[in-house]
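Undergrad: coords below, sequence missing:
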């Protein structure tokens, strides 16, 4: 995984090292810069875009990492004057990696710890956010479901029961399988990009996203 941070520009290398240690932290600007490195790497254009992408994410409290990742990769490719085929490949990568990343993040809301995440376990449910694990649980138990009771009554004791039910089922494995499929889609056409260290870093990053929490 350390190969992700082995690039020839010190600032980007430091940023990617941070991503390796704290997955999700700074990943948007890192993706913008990695995408740009596949072609004409002009920091005059890429750095402002990398910062802007992160600021937009911080300012808009939208539960949609797919949009963030797609914007990061597509904008990096465009600003590096990549051919249209490469821009399409990078958008495809960002779209699918973003979905995979979000699914893994949703999984960790059930399987991780408050110390590791920096927020209470089950916080998505508490905030009324339906994620893939929650939807699968509701689908599996349509008649007596703690998530439905939580949303109807606001009784947070249902959060712990929902987490326990998810952990005692195959739902987490199913979610990881779905995330893995999106990572495969993300990497499907990366071979069309120039064979560079940054392209390998994109492959490695997709693999690393799936390994989180497993």
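TA: Done, it's in. In this text the structure is predicted, and so the values were computed from the model without any measurement.
Undergrad: Surely residue 202 touches residue 187?
TA: Yes. Using Cβ atoms under 8 Å, residue 202 is in contact with residue 187, at 7.3 Å. All C-beta atoms are positioned from the backbone trio N, CA, C, and that covers glycine.
Undergrad: can you pull out the helices in the protein?
TA: 10-21, 27-37, 43-59, 65-79, 84-111, 114-117, 123-126, 132-140, 146-153, 157-167, 171-187, 197-211 (DSSP state H).
Undergrad: Tell me which residues touch residue 189, please.
TA: 89, 92, 93 (Cβ atoms under 8 Å, 6 or more residues apart in numbering).
Undergrad: and it, what are its phi and psi?
TA: Note on residue 189: its backbone torsions stand at phi -110, psi 20 [degrees, to the nearest 10].
Undergrad: ok, so what distance separates it from residue 171?
TA: Between residue 189 and residue 171 the computed distance is 30 Å (Cβ to Cβ, to the nearest Å).
Undergrad: Ok, residue 148 next?
TA: Between residue 148 and residue 171 the computed distance is 16 Å (Cβ to Cβ).
Undergrad: Look at these two and report which has more neighbours.
TA: Using other Cβ atoms under 10 Å as the criterion, residue 148 and residue 171 rank with residue 171 on top: 21 against 16.
Undergrad: any idea how far the more buried one lies from residue 120?
TA: With Cβ to Cβ as the criterion, residue 171 and residue 120 are 20 Å apart.
Undergrad: repeat for residue 212
TA: From residue 212 to residue 120 the distance is 19 Å (Cβ to Cβ).
Undergrad: And residue 126, by the same measure?
TA: 7 Å.
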